[in-house]
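A.B. asks: Sequence and predicted structure are below.
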Amino acid sequence: MSSPQVPDELRYLLLKAITQNPEISQRELAHLVGVSLGKTNYCLKALVEAGLVKVGNFARSNRKLNYAYMLTPKGVAEKTAVTVRFLKKKQIQYVQLRREIETLKGETEIMG
């Protein structure tokens, strides 16, 4: 089950980051995945609406209330699925890049 609003690569990065640090702030998350704070907020809402992520409150200090993000069982299954899709995409890109490198090496040998 993939959320059409959140592209696979971004969904992968968000779910991975939340798994590694459930208490991460949206600002830290935005910086980590390389998108704006607004886009991060939008994507998190989409993941929550899709039932992949659950949000809970916790007190980081006496005066501050922050959020903790948890993958739901559905979110864990989606993280696995998106990781497989992301890996396949990267493997295809790797093969294409190796071919391109070999072609460029061949071109430099002809010129040199």
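C.D. replies: That came through, no problem.

A.B. asks: And the helix or strand bottoming out on mean pLDDT in the chain, what does it pack against?
C.D. replies: Taking mean pLDDT, DSSP states H and E as the measure, the helix or strand of the chain with the lowest value is strand 53-59, at a mean of 81. When contacts are defined as 3 or more CB pairs under 8 Å, 6 or more residues apart in numbering; DSSP states H and E, strand 53-59 sits against helix 37-49, strand 65-71. For glycine as for every other residue, the C-beta is placed from the backbone atoms N, C-alpha and C.

A.B. asks: Recalculate using a threshold of 10 Å.
C.D. replies: If you count contacts as 3 or more CB pairs under 10 Å, 6 or more residues apart in numbering; DSSP states H and E, strand 53-59 packs onto helix 8-20, helix 37-49, strand 65-71, helix 73-111.

A.B. asks: For H31, find the nearest of those.
C.D. replies: Ranking those by their distance to H31 (criterion: CB to CB) puts helix 37-49 first, at 8.8 Å.

A.B. asks: Below-threshold pLDDT in the chain: ranges please.
C.D. replies: 1-4, 58-65, 112 (pLDDT under 70).

A.B. asks: would you list the helices and strands packed on strand 53-59 in CSV and tack on mean neighbour count?
C.D. replies: CSV is the format used below for the helices and strands packed on strand 53-59 (neighbours: other CB atoms under 10 Å):
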stretch, mean neighbour count
helix 8-20, 19
helix 37-49, 16
strand 65-71, 15
helix 73-111, 12
